[in-house]
Every structure is written in C-alpha cells, then in structure tokens.
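*Asks:* take this sequence and fold it.
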Amino acid sequence: MQQIDWIVLVITLLFIVFYGVWKTKGKSKNVNDYILGNNETPWYTVGISVMATQASAITFLSTPGQAFNDGMGFVQFYFGLPIAMVIICYTFIPIYHKLKVFTAYEYLEKRFDQKTRSLAAVLFLIQRGLGTGLTIYAPSIILSSILGWNLTQMNIIIGTLVIIYTFTGGTKAVNVTHKQQMFIIMSGMFIAFFLIIQGLPENISFSNALQIAGANDKMNIIDFSIDPKNRYTFWSGITGGLFLMLSYFGTDQSQVGRYLSGKSIRESQMGLLFNGLLKVPMQFFILLTGVMVYVFFQFQTLPINFNPSSKNIIENSNYKKEYSNLEARLVEVSSEKKQITLDYADQLNVGNENNVLKRRIVVLGEKEKNIRDQAKDLISKADKKNKTNDADYIFIHFIINYLPKGLVGLLLAVILCAAMSSTASGLSALASTTVIDIYKRNLKSEKSEKHFVHASRFFTLIWGIIAILFACVGTLFENLIQLVNIVGSIFYGTVLGIFLVGFYLKYVKAKAIFWAASISQSTIFVIYYYTIHIYPAGKETLGYLWLNFIGAMLTVFISLILQSLLKKEIVVEE
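*Replies:* Numbers count the residues shown, from 1 in each chain. The predicted structure follows:
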C-alpha cells in the first residue's frame, strides 16, 4: 500500500467514528433514546440502516469470490426477500408498534410467557453473538493475510472503533453512521466495477464480457431444479430464503431495532419496502462484480490459489516441486485460454457466436479448475489446519494488485466500513436484548431510566469484547458469507416458528409453544449434523437454506399437536 492509500483509509475510518460520536454525544437521556433513538428516524434512514446492517464486510469480500467460483446463482438466495418485506410490513411492524416494545422478544411474553420470551432471546444472543464475531473476523483474517497485518490486532482495532461510537450513542449512532458508510461502500463498489471493465482488452466490450462469462458457465442466474442437495435454486430461495428473511428481518433484534426506531408505522414500513426494492439489485450488482473479476482474470495471470498464506505453507513443505509443476501447467492452460477467449470475442464482434471456440473455452476452464483443485489438495496435505478455499481472498487480491493508488485505500475503507456497520448493529441489538429481555426482566426492584442507559452501555462494551474474542479464536470456514448464513439458518427457523404461532395461531398457548420450540431446535441440530456438517463442502445431502423452513414448520406443527394433547388432558381432568 502507498502512503496515499493509508491516508484515505485512516481519514475515512476516523471520520465515521468521530461523526458518530459528535452527532449523538449527550443525546441518550433515557432507554428510549439509547435503544430506539427516541423514534425519530425517517424512512430513508431506516431503509439504509437495514441494508447496512445486512451488508457486512463478508458481503463485499465473499460475495464476489462466490460469483467468481460459482457464478450468479447465489442471487436466488435473496428471491424470498421482497415477499418477506411485504409480510413483515403488514403483520410484524403494526404489532410491534402497537405494543410499544423495545425488542421483538417483549411481544412473546405478552403473547405467551416469560419462559418463551427468554428462550427466544437466548437463541438470538447465541447466534448473533457468533455472527457479530464473524463480522469482525472476516475482514481481519483477509486483510491480515494480504497485507501482513497482525490478525489479533486487526480484530481489536475494528472491534474497538465500533465499540466507541456504539457505546456513546446507541441506536442513533448506528443509524447516523450507516448513512455515511453505505455512501462510501456503494461509491467504492461502483468505482471498482468501472475499473474492472476499463481493465479489459480494448476489443472486449461489456456485452462481450457477459457472453464470455456465459461461455464459462457464470451467468446461470436461475435454477429450477428440485434437488434438495443444491444449495441455491429458485425453490430454496423462494421458500427457505423467504423463511430466513422473515426470521432475520422480522425477529432478529439487529434488524428489528433498526425499524422500531422509525418515526411511525408508515415510516418503518416505507424503510423496509425501500430495502426490499433495492436489496436484490444490490446483491445482483455485487455478484456481477465478482463475475467481471473472473472475466478480467481471463486476460491476466491467474493465481493458482488467491490466499497468500497457502504459498508460504507450500514453500516450506515437501510438496514445493509438485506445486511449482502445477503452477507451470496453469500458466500454459491459461495462456491458451486467453488466446481462445480473444478469438471468441473477435467472432462475437462480427456477430458470430463460434460454438467450437465456446466449447474449447469450457474444456480449458475445466482444466484450470482441475489444476487449482489439485493445488488445494497439496496445500491441505502440507497443512491440514489450513483452509484451502480461497474465495474470500479473490476480490481483495484484485483490489491490492490491480487498482490505482488511492483507490486501494478507498476499497479497504469500504470493507472496513461494512464490517463496522454490521458489527455496530449487532452490538446494539445484543446489548438491548440483554438489558430488556434478560437483565431488566429479572430485577427484583425498580431502577431509574439512567440506570438502564448505563446498563445498555455496559453490555455494549461486554458484547463488544465477546465479539472480539470470538473473532480472535475463529477459523476460516469454506466461504464466510455461507458460514454466517448457515449459523443463522440453524437458529432462525425455530425463532420464526415461535413468532408465526404467536401472530397467527391464537389457539396455541405458552406451554405448547415452549416445548415445541425446544424440540424443534434440538431436531434442527441433529438434521444439521447428519445432513450438512459431516459432509465436505458441496457434498451435503441438504441445502442449509431448508433448515429455516424445516425449523419454522416443525415448531408450528409440534405446537399444534402438543396444544391438542394438553387440551385433552385438561378435559380428562375436568
């Protein structure tokens, strides 16, 4: 990195922190101010904050890498999101606002009992605590590897920056900084996309690039297959994805807290619908950026593995010569593929889609993949603890090696801003849930508003430290964006099931739903272990998105059965 990159990076990050502190200093006089921002947030800020909460650094690091390897199919993951936004707007939001709750889980005590509320809150705290640690860990491990920065120090720096303004201003600080962060993030991504297209050979237009991507099987956007083993299909997105989005946006306090701070029901609804309209196009654009990076590397030296630590491992192993041979073979194949791709583009420019050249591109692409897979096997043999999947390193490799001075610092700022935005929302939600649903609910005596503001700040600090510790002991797991969604999918279905029963099945009472949720969550752990966890990546017998649907439906149906049995017991006793 050049001096100008450091200047851009440091100024951007310090601006976010000091702006958040300055705009909210001394404004949190009570719990409503600290947790809900005194319900003063306009709809556009709600929408941006909701988007920024979900768009973590993992999104901007892993999603382009996901598209580089597997193409555009991941966008199907978001197909259920717009439908979920409509359902939440017309069911969840009016109920939350009517009851004037600070957290989503307060509703469950009003509808069921304290035990059910506590169960849902604890499930949330477990998965969001892990997820928040990952939002710090994701950029830290990649930046430390690429730039040679110390991993633990990176975790502490990112976590501390977020704690400073979240601790000071609570929800208001999160909301005001999200606007600045999203502006920096999207500006940086558009600039990167433009530079990728500009970096292609002169005879390669954007239209050509799309056709080249299609020839390499990267533009298969929709998969209508019904095979449950496939992670991303139209059906898993519209069902499993729908249930995941319903749970995430409807019951996860990191998101619920964003729109509960809205000025009114209408402002909250407009903010969520704004997110529903823009989120899928945004993810499509980020994936397309990854596909364009793939096309870009058709005309550049393709690394055999993008993770620089893999090269270091091989250099100090007995597999160094084999690895070098594979690198030489990859250079040969990539050189031939580059020339064939240029010839294919020339044919496209005269209106001829040459199928012979197209088939040759496919064959050479398979050879490239095979060589890179063999290299991963050698890396794994050299160090079994090292994760060989390099998808998370692809986009950052492009940024560091191919962007001009100054823009490297901006794109690194984009990644760190994204990390900070989602981490801040996570810490705010963890603190508010701990204070309102656990701490306050179990106090034996009345306390002042000031006491709970101090408690919220204290738990923000505690959860910040816990998140940093999670980040420091984390290990890279295949692809980070998938890891975050897998962690969420294990828990979200059960929590959503509790809320669905609460909203729509008035017949079911507290005892039935508590035991139904407990049984459902235990069952999901078993299903996850035997269908996903014990299998290598890509060989699972069930796509993880289905866990959301299964967990929710299990909770609903088991609660109905238990309620029927409990009703019969009551009748017999009478």
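*Asks:* buried stuff in the helix or strand where L123 lies?
*Replies:* According to DSSP states H and E, L123 maps onto helix 114-147. For helix 114-147, burial by neighbour count (16 or more other C-beta atoms under 10 Å) applies to 116-121, 123-125, 127-146. C-beta coordinates here come from the backbone N, C-alpha and C atoms, glycine included.
*Asks:* and it, how far from the chain's centre?
*Replies:* What separates the centre of helix 114-147 from the centre of its chain is 11 Å, taken as C-alpha atoms, centre = their mean, to the nearest Å.
*Asks:* next: stretch 131-150.
*Replies:* The mean C-alpha position of stretch 131-150 is separated from the chain mean by 15 Å, C-alpha atoms, centre = their mean.
*Asks:* can you show me the CA trace of it as PDB?
*Replies:* Only the C-alpha atoms of stretch 131-150 are listed here, as PDB (Å, rounded to 0.1, in the frame of the first residue of the first chain):
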ATOM      1  CA  GLY A 131     -22.400 -13.700  13.900                       C
ATOM      2  CA  THR A 132     -21.100 -10.400  15.200                       C
ATOM      3  CA  GLY A 133     -17.700 -12.000  16.000                       C
ATOM      4  CA  LEU A 134     -17.700 -13.200  12.300                       C
ATOM      5  CA  THR A 135     -18.300  -9.700  11.000                       C
ATOM      6  CA  ILE A 136     -15.100  -8.600  12.800                       C
ATOM      7  CA  TYR A 137     -13.200 -11.700  11.900                       C
ATOM      8  CA  ALA A 138     -14.000 -11.800   8.200                       C
ATOM      9  CA  PRO A 139     -12.100  -8.600   7.100                       C
ATOM     10  CA  SER A 140      -9.400  -9.100   9.800                       C
ATOM     11  CA  ILE A 141      -8.200 -12.500   8.600                       C
ATOM     12  CA  ILE A 142      -8.200 -11.500   4.900                       C
ATOM     13  CA  LEU A 143      -6.600  -8.100   5.400                       C
ATOM     14  CA  SER A 144      -4.000  -9.600   7.800                       C
ATOM     15  CA  SER A 145      -3.200 -12.300   5.300                       C
ATOM     16  CA  ILE A 146      -3.000 -10.000   2.200                       C
ATOM     17  CA  LEU A 147      -1.200  -7.000   3.900                       C
ATOM     18  CA  GLY A 148       0.700  -8.900   6.500                       C
ATOM     19  CA  TRP A 149      -1.100  -7.200   9.400                       C
ATOM     20  CA  ASN A 150      -1.400  -9.000  12.700                       C
END
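*Asks:* what mean pLDDT does that stretch get?
*Replies:* For stretch 131-150, the mean per-residue pLDDT is 74.
*Asks:* again with stretch 79-89
*Replies:* 89.
*Asks:* cool, stretch 285-298 as well?
*Replies:* 91.
*Asks:* name the helices or strands packed onto the helix or strand that F459 is a member of?
*Replies:* Take DSSP H and E as the rule and F459 turns out to sit in helix 449-473. Packing partners of helix 449-473 (3 or more C-beta pairs under 8 Å, 6 or more residues apart in numbering; DSSP states H and E): helix 31-36, helix 114-147, helix 151-198, helix 407-433.
*Asks:* of these, which is nearest M51?
*Replies:* Smallest distance to M51 across those (C-beta to C-beta): 6.4 Å, for helix 151-198.
*Asks:* how about the helix holding F459: buried residues?
*Replies:* 452-453, 455-457, 459-460, 463-464, 466-468, 470-472.
*Asks:* just how off-centre is it within its chain?
*Replies:* So, by C-alpha atoms, centre = their mean, the centroid of helix 449-473 is 22 Å from its chain's centroid.
*Asks:* which residues touch V75?
*Replies:* I221, V280, Q283, F284, L287 (C-beta atoms under 8 Å, 6 or more residues apart in numbering).
*Asks:* for it, helix, strand, or coil?
*Replies:* helix (DSSP: H, G, I helix; E, B strand; the rest coil).
*Asks:* now it: how far from I532?
*Replies:* 22 Å (C-beta to C-beta, to the nearest Å).
*Asks:* swap in R441?
*Replies:* 35 Å.
*Asks:* same question, L242
*Replies:* 20 Å.
*Asks:* ok, G271 - contacts?
*Replies:* Counted by C-beta under 8 Å, 6+ apart, G271 has contacts T41, W43, Y44, T45, V46, G47, S49, V50, R258, Y259, G262.
*Asks:* can you lay out the residues you listed as TSV showing distance to S448 and neighbour count?
*Replies:* TSV is the format used below for the contacts of G271 (distance: C-beta to C-beta, whole Å; neighbours: other C-beta atoms under 10 Å):
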residue	distance to S448	neighbour count
T41	25	26
W43	33	20
Y44	34	13
T45	29	21
V46	29	26
G47	34	28
S49	29	31
V50	32	27
R258	27	33
Y259	28	28
G262	27	27
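*Asks:* follow-up on the earlier one: now, which of the buried residues of helix 449-473 sits nearest Y544?
*Replies:* When the buried residues of helix 449-473 are compared against Y544 (criterion: C-beta to C-beta), the nearest one is F470, at 20.2 Å.
*Asks:* I'd guessed that closest one sits against G131; true?
*Replies:* No - the pair F470 / G131 is not scored as a contact, 9.1 Å apart, by C-beta atoms under 8 Å.
*Asks:* between the buried residues of helix 449-473, which is closest to F491?
*Replies:* Nearest to F491 among the buried residues of helix 449-473, with distances taken as C-beta to C-beta, is F470, at 15.5 Å.
*Asks:* with adjacent residues omitted, what lies nearest to the closest one?
*Replies:* What sits nearest to F470 in space, not counting adjacent residues and going by C-beta to C-beta, 6 or more residues apart in numbering, is G133, at 2.5 Å.
*Asks:* I184 too?
*Replies:* C417 is the one closest to I184 (C-beta to C-beta, 6+ apart), at 5.1 Å.
*Asks:* how about L195?
*Replies:* Closest to L195 by C-beta to C-beta, 6+ apart is L403, at 6.3 Å.
*Asks:* OK, contacts around that neighbour?
*Replies:* A192, L195, L411.
*Asks:* select from those residues the one having the most neighbours.
*Replies:* When neighbours are counted by other C-beta atoms under 10 Å, L411 leads these with 26 neighbours.
*Asks:* read off the pLDDT value for the closest residue to it other than its chain neighbours.
*Replies:* Closest residue to L411 apart from its sequence neighbours, by C-beta to C-beta, 6+ apart: I399 at 4.6 Å. At I399, the pLDDT value in this model is 84.
*Asks:* T24 now?
*Replies:* Per-residue pLDDT puts T24 at 56.
*Asks:* same question, the one 5 residues further on
*Replies:* Note for K29: predicted pLDDT of 56.
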